[in-house]
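S.K.: Structure for this input, please:
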Amino acid sequence: MDSALNKVKLTLIVGATDNPERYAYRAADLLQAEGVPFIPIGIKKGLVFGEEILDLRQKPALTGIHTITEAKGPNMISSIANLKLWKDGRDAYDIFNAIMNYQASDKHGAFHVTTRVNLTDGEGKGPFGLKLIGTEGVIDVNGNGFKLRTIKRRAVPGYGGYDSFDSFSKKQKEEFKKWYKSEYGDDTDGGYDLGKEMAFDAPNDYDDRLDHMIIFFNGIRTGSTIPEDASFGLRAAAPSIACNLSAEQLKPIHWDPIAMKLI
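M.R.: Got it, this is the predicted structure:
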(Lines give C-alpha, C1' and ligand atoms only; values in the text may rest on other atoms or scores of the structure.)
Protein backbone atom coordinates (compact mmCIF):
# COMPACT_ATOMS: atom_id res chain seq x y z
CA MET A 1 0.00 0.00 0.00
CA ASP A 2 2.88 2.41 0.76
CA SER A 3 4.12 2.17 -2.82
CA ALA A 4 0.60 2.67 -4.10
CA LEU A 5 0.28 5.86 -2.07
CA ASN A 6 3.14 7.33 -4.05
CA LYS A 7 1.16 7.11 -7.27
CA VAL A 8 0.41 10.23 -9.26
CA LYS A 9 -2.32 10.53 -11.85
CA LEU A 10 -1.24 11.12 -15.42
CA THR A 11 -2.54 12.91 -18.47
CA LEU A 12 -2.71 10.83 -21.63
CA ILE A 13 -1.78 12.44 -24.96
CA VAL A 14 -3.17 10.29 -27.78
CA GLY A 15 -1.63 11.02 -31.17
CA ALA A 16 1.51 12.46 -29.58
CA THR A 17 4.03 13.97 -31.97
CA ASP A 18 7.29 15.90 -31.97
CA ASN A 19 5.85 18.26 -34.60
CA PRO A 20 5.53 21.72 -32.96
CA GLU A 21 2.67 22.61 -35.32
CA ARG A 22 0.31 20.01 -33.87
CA TYR A 23 -2.01 20.55 -30.87
CA ALA A 24 -0.69 17.34 -29.29
CA TYR A 25 2.79 18.87 -29.13
CA ARG A 26 1.46 22.14 -27.72
CA ALA A 27 -0.46 20.19 -25.08
CA ALA A 28 2.75 18.40 -24.06
CA ASP A 29 4.59 21.73 -23.94
CA LEU A 30 2.03 23.23 -21.59
CA LEU A 31 1.83 20.15 -19.39
CA GLN A 32 5.58 19.95 -18.87
CA ALA A 33 5.73 23.69 -18.21
CA GLU A 34 3.14 23.25 -15.44
CA GLY A 35 4.87 20.17 -14.05
CA VAL A 36 2.01 17.84 -14.95
CA PRO A 37 3.20 14.28 -15.74
CA PHE A 38 1.93 12.84 -19.01
CA ILE A 39 2.11 9.74 -21.20
CA PRO A 40 2.52 10.35 -24.96
CA ILE A 41 1.31 7.60 -27.30
CA GLY A 42 1.20 7.67 -31.09
CA ILE A 43 2.11 5.87 -34.28
CA LYS A 44 5.42 7.64 -34.94
CA LYS A 45 8.54 7.23 -32.83
CA GLY A 46 10.09 10.23 -31.16
CA LEU A 47 10.63 12.16 -27.96
CA VAL A 48 8.37 14.85 -26.56
CA PHE A 49 10.12 16.92 -23.90
CA GLY A 50 12.16 13.92 -22.83
CA GLU A 51 9.23 11.47 -22.85
CA GLU A 52 9.37 8.63 -25.36
CA ILE A 53 6.28 8.33 -27.55
CA LEU A 54 4.85 4.88 -26.89
CA ASP A 55 3.79 2.92 -29.96
CA LEU A 56 0.00 2.62 -30.14
CA ARG A 57 0.31 -0.61 -32.10
CA GLN A 58 2.17 -2.25 -29.22
CA LYS A 59 -0.81 -1.59 -26.91
CA PRO A 60 1.20 -0.29 -23.94
CA ALA A 61 -0.25 -0.91 -20.48
CA LEU A 62 -1.87 2.28 -19.22
CA THR A 63 -3.10 2.88 -15.68
CA GLY A 64 -3.53 5.90 -13.45
CA ILE A 65 -4.76 8.13 -16.28
CA HIS A 66 -6.37 11.29 -14.92
CA THR A 67 -7.24 13.50 -17.90
CA ILE A 68 -7.38 13.17 -21.67
CA THR A 69 -7.76 16.88 -22.48
CA GLU A 70 -6.75 20.06 -20.72
CA ALA A 71 -10.09 21.75 -21.38
CA LYS A 72 -11.47 23.74 -18.44
CA GLY A 73 -15.07 23.56 -19.60
CA PRO A 74 -17.60 24.84 -22.13
CA ASN A 75 -18.56 28.48 -22.61
CA MET A 76 -22.09 27.73 -23.81
CA ILE A 77 -24.51 24.91 -22.99
CA SER A 78 -27.78 24.26 -24.80
CA SER A 79 -30.19 21.39 -24.18
CA ILE A 80 -33.67 20.03 -24.70
CA ALA A 81 -35.37 17.60 -22.35
CA ASN A 82 -38.73 16.11 -21.44
CA LEU A 83 -40.53 13.78 -19.06
CA LYS A 84 -41.79 11.00 -21.31
CA LEU A 85 -42.45 7.94 -19.18
CA TRP A 86 -42.03 8.37 -15.43
CA LYS A 87 -45.01 10.67 -14.80
CA ASP A 88 -45.37 9.73 -11.15
CA GLY A 89 -44.80 13.14 -9.59
CA ARG A 90 -41.05 13.40 -10.08
CA ASP A 91 -39.68 16.58 -11.62
CA ALA A 92 -36.51 15.11 -13.15
CA TYR A 93 -36.37 14.66 -16.92
CA ASP A 94 -36.07 11.11 -18.19
CA ILE A 95 -34.86 11.99 -21.68
CA PHE A 96 -32.18 14.56 -22.30
CA ASN A 97 -30.03 15.85 -25.19
CA ALA A 98 -27.44 18.58 -24.80
CA ILE A 99 -24.60 20.17 -26.72
CA MET A 100 -21.72 22.11 -25.16
CA ASN A 101 -19.42 24.48 -27.00
CA TYR A 102 -15.72 24.54 -26.07
CA GLN A 103 -13.78 27.50 -27.41
CA ALA A 104 -10.25 27.15 -28.76
CA SER A 105 -7.50 27.77 -26.23
CA ASP A 106 -3.72 27.59 -26.15
CA LYS A 107 -4.10 23.95 -25.11
CA HIS A 108 -6.62 22.64 -27.66
CA GLY A 109 -8.69 23.50 -30.70
CA ALA A 110 -12.39 24.30 -30.56
CA PHE A 111 -14.74 21.34 -30.19
CA HIS A 112 -18.25 20.31 -29.20
CA VAL A 113 -19.45 17.81 -26.62
CA THR A 114 -22.84 16.22 -27.08
CA THR A 115 -24.44 14.21 -24.30
CA ARG A 116 -27.59 12.09 -24.15
CA VAL A 117 -29.52 10.53 -21.31
CA ASN A 118 -32.46 8.24 -22.02
CA LEU A 119 -34.11 6.62 -19.01
CA THR A 120 -36.96 5.38 -21.22
CA ASP A 121 -34.58 3.42 -23.42
CA GLY A 122 -36.36 0.54 -25.13
CA GLU A 123 -33.13 -1.47 -25.05
CA GLY A 124 -33.43 -1.80 -21.29
CA LYS A 125 -30.03 -0.66 -20.14
CA GLY A 126 -28.57 0.93 -23.23
CA PRO A 127 -24.89 1.51 -23.99
CA PHE A 128 -22.77 3.83 -21.86
CA GLY A 129 -19.50 5.43 -22.79
CA LEU A 130 -17.59 8.35 -24.22
CA LYS A 131 -16.74 8.84 -27.89
CA LEU A 132 -14.02 11.29 -28.94
CA ILE A 133 -14.37 12.11 -32.63
CA GLY A 134 -11.51 13.93 -34.37
CA THR A 135 -10.51 14.64 -37.95
CA GLU A 136 -8.08 11.70 -38.00
CA GLY A 137 -9.93 9.07 -36.00
CA VAL A 138 -12.24 8.08 -33.18
CA ILE A 139 -11.56 6.99 -29.59
CA ASP A 140 -14.27 5.02 -27.78
CA VAL A 141 -13.80 5.08 -24.00
CA ASN A 142 -15.76 2.56 -21.96
CA GLY A 143 -14.98 1.29 -18.49
CA ASN A 144 -11.25 0.78 -17.95
CA GLY A 145 -10.30 0.70 -21.60
CA PHE A 146 -10.64 2.41 -24.94
CA LYS A 147 -10.62 1.59 -28.64
CA LEU A 148 -8.91 3.64 -31.31
CA ARG A 149 -9.87 3.76 -34.98
CA THR A 150 -7.91 5.96 -37.37
CA ILE A 151 -8.73 7.40 -40.76
CA LYS A 152 -6.37 8.59 -43.48
CA ARG A 153 -7.87 10.87 -46.07
CA ARG A 154 -6.52 10.70 -49.60
CA ALA A 155 -4.85 13.65 -51.26
CA VAL A 156 -7.82 14.43 -53.54
CA PRO A 157 -11.58 14.52 -52.80
CA GLY A 158 -12.64 12.50 -55.86
CA TYR A 159 -16.17 12.46 -57.23
CA GLY A 160 -18.88 10.07 -58.33
CA GLY A 161 -20.59 7.37 -56.35
CA TYR A 162 -22.56 8.61 -53.36
CA ASP A 163 -22.61 12.32 -54.13
CA SER A 164 -24.53 14.73 -56.38
CA PHE A 165 -22.31 14.30 -59.45
CA ASP A 166 -24.62 11.74 -61.06
CA SER A 167 -27.54 14.16 -60.79
CA PHE A 168 -25.75 16.79 -62.93
CA SER A 169 -26.74 17.38 -66.52
CA LYS A 170 -24.33 16.29 -69.24
CA LYS A 171 -23.12 19.86 -69.66
CA GLN A 172 -22.64 20.32 -65.92
CA LYS A 173 -20.69 17.08 -65.69
CA GLU A 174 -18.29 18.19 -68.41
CA GLU A 175 -17.82 21.59 -66.75
CA PHE A 176 -17.22 19.94 -63.39
CA LYS A 177 -14.68 17.48 -64.83
CA LYS A 178 -12.82 20.35 -66.44
CA TRP A 179 -12.75 22.28 -63.16
CA TYR A 180 -11.73 19.21 -61.15
CA LYS A 181 -8.85 18.43 -63.50
CA SER A 182 -7.58 22.00 -63.24
CA GLU A 183 -7.62 21.76 -59.44
CA TYR A 184 -6.57 18.14 -58.75
CA GLY A 185 -5.29 16.64 -61.99
CA ASP A 186 -6.40 13.24 -63.31
CA ASP A 187 -6.60 11.48 -59.93
CA THR A 188 -10.29 10.88 -59.11
CA ASP A 189 -9.68 8.17 -56.52
CA GLY A 190 -10.68 10.19 -53.46
CA GLY A 191 -12.17 9.16 -50.17
CA TYR A 192 -10.33 7.67 -47.24
CA ASP A 193 -8.77 4.52 -45.81
CA LEU A 194 -9.65 3.18 -42.37
CA GLY A 195 -6.90 1.91 -40.10
CA LYS A 196 -7.12 -1.29 -38.08
CA GLU A 197 -9.00 -0.91 -34.80
CA MET A 198 -6.77 -1.05 -31.72
CA ALA A 199 -8.06 -1.86 -28.24
CA PHE A 200 -6.42 -0.88 -24.95
CA ASP A 201 -7.47 -2.33 -21.63
CA ALA A 202 -6.22 -1.85 -18.09
CA PRO A 203 -4.96 -4.94 -16.23
CA ASN A 204 -7.72 -7.23 -14.98
CA ASP A 205 -7.06 -6.32 -11.34
CA TYR A 206 -7.10 -2.55 -11.95
CA ASP A 207 -9.84 -0.54 -10.23
CA ASP A 208 -10.05 3.15 -11.01
CA ARG A 209 -12.01 3.77 -7.81
CA LEU A 210 -9.08 2.45 -5.76
CA ASP A 211 -6.73 4.68 -7.72
CA HIS A 212 -8.98 7.65 -7.00
CA MET A 213 -9.04 6.95 -3.26
CA ILE A 214 -5.27 6.41 -3.12
CA ILE A 215 -4.68 9.86 -4.60
CA PHE A 216 -7.18 11.43 -2.19
CA PHE A 217 -5.78 9.83 0.98
CA ASN A 218 -2.24 10.52 -0.15
CA GLY A 219 -3.15 14.20 -0.46
CA ILE A 220 -4.67 14.25 3.03
CA ARG A 221 -1.72 12.44 4.63
CA THR A 222 1.19 14.09 2.85
CA GLY A 223 -0.22 17.31 1.41
CA SER A 224 0.50 16.22 -2.16
CA THR A 225 -1.57 17.59 -5.02
CA ILE A 226 -5.10 16.22 -5.46
CA PRO A 227 -5.94 16.70 -9.15
CA GLU A 228 -9.66 16.12 -8.59
CA ASP A 229 -10.04 18.97 -6.13
CA ALA A 230 -13.02 21.26 -5.52
CA SER A 231 -12.37 23.28 -8.67
CA PHE A 232 -12.13 20.10 -10.71
CA GLY A 233 -15.44 18.94 -9.27
CA LEU A 234 -17.20 22.24 -9.95
CA ARG A 235 -15.92 22.37 -13.51
CA ALA A 236 -17.23 18.84 -14.02
CA ALA A 237 -20.62 19.33 -12.33
CA ALA A 238 -21.57 22.88 -13.32
CA PRO A 239 -22.04 22.22 -17.07
CA SER A 240 -24.31 19.29 -16.20
CA ILE A 241 -26.42 21.52 -13.96
CA ALA A 242 -26.44 24.12 -16.74
CA CYS A 243 -27.99 21.47 -19.00
CA ASN A 244 -30.99 21.41 -16.66
CA LEU A 245 -31.15 25.21 -16.58
CA SER A 246 -31.09 25.38 -20.37
CA ALA A 247 -33.93 22.87 -20.67
CA GLU A 248 -36.01 24.69 -18.06
CA GLN A 249 -35.39 28.19 -19.42
CA LEU A 250 -35.52 27.18 -23.10
CA LYS A 251 -32.33 29.07 -23.91
CA PRO A 252 -28.56 28.55 -24.02
CA ILE A 253 -26.64 28.99 -20.77
CA HIS A 254 -23.40 30.98 -20.89
CA TRP A 255 -20.63 29.84 -18.56
CA ASP A 256 -17.17 31.14 -17.73
CA PRO A 257 -15.06 27.98 -17.27
CA ILE A 258 -12.06 29.90 -15.94
CA ALA A 259 -13.83 32.02 -13.33
CA MET A 260 -16.35 29.18 -12.84
CA LYS A 261 -19.48 31.32 -12.87
CA LEU A 262 -22.59 31.97 -14.96
CA ILE A 263 -22.45 34.89 -17.37
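
S.K.: can you give me the helices for the chain?
M.R.: 23-33, 170-184, 208-222, 230-249 (DSSP state H).

S.K.: packing partners for the shortest one?
M.R.: This means helix 23-33. If you count contacts as 3 or more C-beta pairs under 8 Å, 6 or more residues apart in numbering; DSSP states H and E, helix 23-33 packs onto strand 10-14, strand 38-42. Using the backbone N, CA and C atoms, a C-beta is placed for each residue, glycine as well.

S.K.: Show me what the last one is packed up against.
M.R.: Contacting strand 38-42 under the criterion 3+ C-beta pairs under 8 Å, 6+ apart are the following elements: strand 10-14, helix 23-33, strand 51-52, strand 54-55.

S.K.: what comes into contact with the longest one?
M.R.: Which is helix 23-33. Helix 23-33 is contacted from outside by 11, 13-20, 37-38, 40, 42, 48-51, 70, 106-109, using C-beta atoms under 8 Å, 6 or more residues apart in numbering.

S.K.: same thing with the last one?
M.R.: Residues outside strand 54-55 that contact it (C-beta under 8 Å, 6+ apart): 39-43, 45, 60.

S.K.: Tell me which residues of stretch 90-100 come out buried.
M.R.: For stretch 90-100, burial by neighbour count (16 or more other C-beta atoms under 10 Å) applies to 93-100.

S.K.: Kindly apply the preceding question to stretch 99-117 instead.
M.R.: Neighbour-count burial for stretch 99-117, counted by 16+ other C-beta under 10 Å, picks out 99-102, 108, 111, 113, 117.

S.K.: swap in stretch 215-225?
M.R.: In terms of neighbour count (16+ other C-beta under 10 Å), stretch 215-225 has its buried residues at 215, 218-219.

S.K.: Stretch 138-150 too?
M.R.: Of all the residues in stretch 138-150, those buried under the rule 16+ other C-beta under 10 Å are 139-140, 144, 146-148, 150.

S.K.: What's the end-to-end length of it?
M.R.: Start-to-end span of stretch 138-150 (C-alpha to C-alpha, to the nearest Å) is 6 Å.

S.K.: How far off centre is it?
M.R.: Put simply, stretch 138-150 sits 10 Å off its chain's centre (C-alpha atoms, centre = their mean, to the nearest Å).

S.K.: still on that earlier bit, report the two of the buried residues of stretch 138-150 separated the most.
M.R.: Set against one another by C-beta to C-beta, the buried residues of stretch 138-150 have their most distant pair in Asn144 and Thr150, with a gap of 21.8 Å.

S.K.: out of the contacts of helix 23-33, which are buried?
M.R.: Neighbour-count burial (16+ other C-beta under 10 Å) applied to the contacts of helix 23-33 gives 11, 13-18, 38, 40, 42, 48, 51, 70, 108.
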